[in-house]
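Peer 1: No letters, just coordinates:
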């Protein structure tokens with residue numbers, strides 16, 4: 001498996017990312033994760049919408065909580081042509097609990113805990129911790145990646161405005 005060291009840091013310390021090295025213009029790989037009801041979910045099953053896929057280390061941490069809440073709030077204004085997926089290594093029941101406690105219902109939280117399929121296909125699996133690095137991918141209706149942000153420091157938020165602007169322009 002491909003390894004890339006030092007592309008991101010966690011609390012200032014470089015970490016190793018495992019998996020593919022994707023770039024804008026690449027076909028978005030399929031991935032297999034679990035939804036909040038422990039049902040299998042495949043990215044290939046989604047059709048005809050623009051996808052904002054964001055990965056976070058854990059919804060139970062302050063920055064991840066803030067990010068998911070922000071994207072949930074933005075989702076309401078984006079319309080039905082754009083969907084938002086939040087992928088983490090959190091267990092599905094923890095994601096479901098978090099969504100209920102946070103009042104989050106405009107996005108889909110997905111768990112990569114079983115196979116790390118998203119993490120390796122999108123190259124954001126942190127080897128040292130088996131958590132996902134913070135990232136944002138915008139995928140168009142034809143499943144082509146149009147935007148990638150790999151947040152340099154895991155403890156920082158992504159550039160929401162830029163990601164949302166790219167997604168809106170694809171509609």
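Peer 2: That came through, no problem. Computed from a predicted structure; not experimentally measured.

Peer 1: Contact partners for residue 153?
Peer 2: Counting by Cβ atoms under 8 Å, 6 or more residues apart in numbering, residue 153 touches 8, 9, 10, 12. Glycine gets a C-beta too; all of them are placed from N, C-alpha and C.

Peer 1: buried sites along stretch 87-107?
Peer 2: The neighbour-count check on stretch 87-107 (16 or more other Cβ atoms under 10 Å) flags 87, 88, 89, 90, 92, 94, 95, 96, 98, 99, 104, 107 as buried.

Peer 1: what's the pLDDT at the third one?
Peer 2: So that's residue 89. In this prediction, residue 89 carries a pLDDT score of 98.

Peer 1: now what about the longest helix anywhere in the chain, what contacts it?
Peer 2: Longest helix in the chain by number of residues, with DSSP state H as the criterion: helix 62-78. With Cβ under 8 Å, 6+ apart as the test, helix 62-78 has contacts from 52, 54, 56-59, 82-84, 86, 88, 98, 102, 104-107, 109, 134, 155-158, 160, 164, 167-168.

Peer 1: go again using 6 Å as the cut-off
Peer 2: Defining contact as Cβ atoms under 6 Å, 6 or more residues apart in numbering, one finds that helix 62-78 is touched by 56, 58-59, 84, 86, 102, 104, 106-107, 155, 157, 160, 164.

Peer 1: Stretch 112-122 too?
Peer 2: The contact list for stretch 112-122, computed with Cβ under 6 Å, 6+ apart, reads 18, 19, 20, 29, 31, 32, 33, 87, 89, 91, 125, 132.

Peer 1: what's the closest of the contacts of residue 153 to residue 45?
Peer 2: For residue 45, the nearest member of those is residue 8. The distance, counting by Cβ to Cβ, is 29.2 Å.

Peer 1: Cheers, nothing more for now.
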